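Visitor: next comes the sequence, and after it the predicted model I'd like to discuss.
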Amino acid sequence: MSAYPDRLQSHIDEGLVEERDLRAAAVYVDLSLRTLDGPAREAADQTVTDNVWLAIARTLAAFRSQHTCVDLAEHPGWEADLRNCAVLVAEPHSINAARRQPFILDIGRLYVHRSWEEECFVAEKIRTRPADKLQVITGGPGTGKTTTIAKQLVDRLSQADAQPVLVALAAPPGKAAKRMTEAMDAALTKADAPQHVRDVVLASPATTIHSLLGANPNRVDNRFTYHSGNKLKHNIVIVDETSMLSLSMMYHLLVALDDDAELILVGDPDQLASVEAGTVLADIVAGSPENRITRLTTQHRFKDSPNIVAAAAAIRDGNVDATFAAITSGDSDVRWIDPVDAPDLAAEVLDLVVEHAQHVMKLASDGQISDALALRGELQVLCAHRNRKMGVAGWNRVIEERLGLAASNQWYVGRPIIVTENDRTSGLFNGDVAVVGADGSRRVACFSTDPAKSAIPVTRLPNVETVHALTIHKSQGSEYGHVIVVLPEHQSRILTRELLYTGVTRAKLRLTIIGSREAIEGAVAKPIRRATGLGARLSDAAI
């Protein structure tokens, strides 16, 4: 096994780097040095200084925190050593095609070679794509993004000389893809779209980006059916929830996209970004000229909930005072509870959640599964954490205890569940939500208001979890009548402005925030900072 020098143990002890990342770095160092012989190897080995070790180890670790690179502005002593280590590190002008260096130093950042190639490709395609072949439409919930697209499609496809087109609707997660079909159907109805337009747009249901590209995990090479040698046949590709799209998936989409196809990217750049590396939508919005971005700001949905709108805007802008002004207004649509200062009020909210769960169970037990599903969407607990007392696990456990449910009674009627993986056999996607019902003596999961179409025996389900409480991450793209956002007792690493904004903007009518002043202030003041060079490459700074 490749090993790092013993002298680097002090850096591990000081918390500057993790041992697993140094071990991974050692593999790259060993493989790169093996390409050289004798004196050349010894000379190259001398250039692998402690700074180089730290830099490449941190670059390999970056993906765990969703960074695509390491910003060397934060490590001013590293860049000179990296430039001198040609066996491991190349600059764009010094890439050795015969002996590919594993790391690239460019625009003040250090990349793994593949990530650098993907970022450069995405930037070039976005920058050079003609204006009529690329639209970027941004806006918060209720600003009319889907309606805007539907009107454009009606205008375009209703023209007498309109050519036959193939439209693809896609989104990163399966749940968002399903919701996209429903939203587009409703928007086309509102726009009074002719039937032939509806037939074209809704010819195929929305799908995940992976499915659109024909992903096959069993392939070693060309894991996607559609790629540079086999382009997508679609004339228009519309991607919703683009904020959730990773750099790598954007790369693969652009590789497979026909040069003459129109790409429409839709989303809210202020929401949580992809769970994988990159902040693609936010980078595109930040780095592109204003005339290439359509920003929708007028709220059409929250007319009866002005303080939810005000709270979301204040959080988005990083304004702590305005945030507290909105959540302490005293109006019925927004409520803030500090669980330490007002434990009785927090207990009152728990009583409300339990009562709601009991009502869902009663409806499901009476065979009124459509009503149970509808009621379930009227209230949702959203937690920042999965574990701990104030996390999803803690809330789900307490709620089921209050419902008098034994741990062995897993498939109780009225149990709300969420699918946690895509499953082609059943047609279910990660994020699909159901309520457990009864079909005679067997238990079924109902995913639709029409149980005859969606009742799946629980024995055929992929992995699922109870969803009395849900993480804010998994709620992204969903909406609920009353949202209860639960924050950790103290500031934490994952508690950011984007996380709080995403949780708050899931509420349509009522919002309750349970969290300390410290946690809320910390979240509002802490935007996500992912290291990426895409925004810089799209702006004049990197041209």
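Guide: Structure's in. What do you need?
Visitor: hey, let's count contacts and neighbours off CA atoms from now on
Guide: OK.
Visitor: what residue ranges in this structure score low on pLDDT?
Guide: 1-2, 160-162, 174, 217-221, 300-304, 406-408, 449-454, 491, 540-543 (pLDDT under 70).
Visitor: for it, longest helix please?
Guide: Using DSSP state H to define each element, the chain has its longest helix at helix 343-365.
Visitor: how about the helices of the stretch 201-350 of the chain, start to end?
Guide: Here the stretch 201-350 of the chain has its helices, by DSSP state H, counting those that start in this stretch, at 209-212, 247-256, 280-287, 306-316, 320-327, 343-365.
Visitor: circling back: for the longest helix of the chain, packing partners?
Guide: The criterion is 3 or more C-alpha pairs under 8 Å, 6 or more residues apart in numbering; DSSP states H and E, and the helices and strands that helix 343-365 contacts are helix 369-376, strand 379-383, helix 392-402, strand 433-439.
Visitor: can we see that at 7 Å?
Guide: Using 3 or more C-alpha pairs under 7 Å, 6 or more residues apart in numbering; DSSP states H and E as the contact definition, the elements that helix 343-365 packs against are helix 369-376.
Visitor: ok, and for the helix it packs on, which residues are buried?
Guide: Of the residues in helix 369-376, those buried by neighbour count under the rule 16 or more other C-alpha atoms under 10 Å are 369, 370, 372, 373, 375, 376.
Visitor: now the longest helix of the chain, how far from the centre of its chain.
Guide: 29 Å (C-alpha atoms, centre = their mean, to the nearest Å).
Visitor: what does that helix rub up against?
Guide: 337, 339, 369, 371-372, 375-376, 399, 402-403, 413-414, 437 (C-alpha atoms under 7 Å, 6 or more residues apart in numbering).
Visitor: now, among these, which is nearest to residue 490?
Guide: Proximity to residue 490 was ranked across the contacts of helix 343-365 by C-alpha to C-alpha; first place goes to residue 339, at 11.3 Å.
Visitor: what's around that closest one, how many residues?
Guide: Other residues within reach of residue 339 by the criterion other C-alpha atoms under 10 Å amount to 18.
Visitor: repeat that for residue 129.
Guide: Neighbouring residues of residue 129 were enumerated by other C-alpha under 10 Å; the total is 15.
Visitor: same check, this time on residue 249
Guide: Burial of residue 249, expressed as a neighbour count using other C-alpha under 10 Å, amounts to 19.
Visitor: could you do residue 494 as well?
Guide: For residue 494, the number of neighbouring residues by other C-alpha under 10 Å comes to 14.
Visitor: now it, nearest residue through space, not along the chain?
Guide: With C-alpha to C-alpha, 6 or more residues apart in numbering as the criterion, residue 494 has its nearest non-adjacent residue at 7.6 Å, and that residue is residue 384.
Visitor: and for the one you found, the neighbour number?
Guide: The tally of other residues near residue 384 (other C-alpha under 10 Å) stands at 23.
Visitor: do I have it right that it meets residue 471?
Guide: Yes - Residue 384 is in contact with residue 471 according to C-alpha atoms under 7 Å; the separation is 5.8 Å.
Visitor: so what's the gap between stretch 279-289 and the chain middle?
Guide: Using C-alpha atoms, centre = their mean, we find the averaged C-alpha position of stretch 279-289 to lie 15 Å away from the chain's own average C-alpha position.
Visitor: output the contacts of helix 343-365 as JSON lines; include the columns distance to residue 78.
Guide: Supplementary listing: those in JSON lines, determined by distance: C-alpha to C-alpha, whole Å:
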{"residue": "337", "distance to residue 78": "47"}
{"residue": "339", "distance to residue 78": "46"}
{"residue": "369", "distance to residue 78": "61"}
{"residue": "371", "distance to residue 78": "61"}
{"residue": "372", "distance to residue 78": "59"}
{"residue": "375", "distance to residue 78": "57"}
{"residue": "376", "distance to residue 78": "53"}
{"residue": "399", "distance to residue 78": "52"}
{"residue": "402", "distance to residue 78": "56"}
{"residue": "403", "distance to residue 78": "58"}
{"residue": "413", "distance to residue 78": "59"}
{"residue": "414", "distance to residue 78": "57"}
{"residue": "437", "distance to residue 78": "60"}
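Visitor: contacting residues around residue 133?
Guide: By C-alpha under 7 Å, 6+ apart, the residues touching residue 133 are 261, 262, 263.
Visitor: if you set the cut-off to 8 Å instead, what comes out?
Guide: The neighbours of residue 133, taking C-alpha atoms under 8 Å, 6 or more residues apart in numbering as the test, are 260, 261, 262, 263.
Visitor: and what of residue 391?
Guide: Contact analysis of residue 391 by C-alpha under 8 Å, 6+ apart lists 383, 384, 385, 471, 486, 487, 488.
Visitor: how many residues are close by the closest residue to residue 524 other than its chain neighbours?
Guide: Nearest non-adjacent residue to residue 524, counting by C-alpha to C-alpha, 6+ apart: residue 497, 4.6 Å away. The local packing of residue 497 (other C-alpha under 10 Å) involves 24 other residues.
Visitor: same question for residue 344.
Guide: Counted by other C-alpha under 10 Å, the residues lying close to residue 344 total 12.
Visitor: and if you look at the one 10 residues further on?
Guide: Using other C-alpha under 10 Å, residue 354 has 19 neighbouring residues.
Visitor: now swap in residue 172 and tell me
Guide: With other C-alpha under 10 Å as criterion, residue 172 counts 23.
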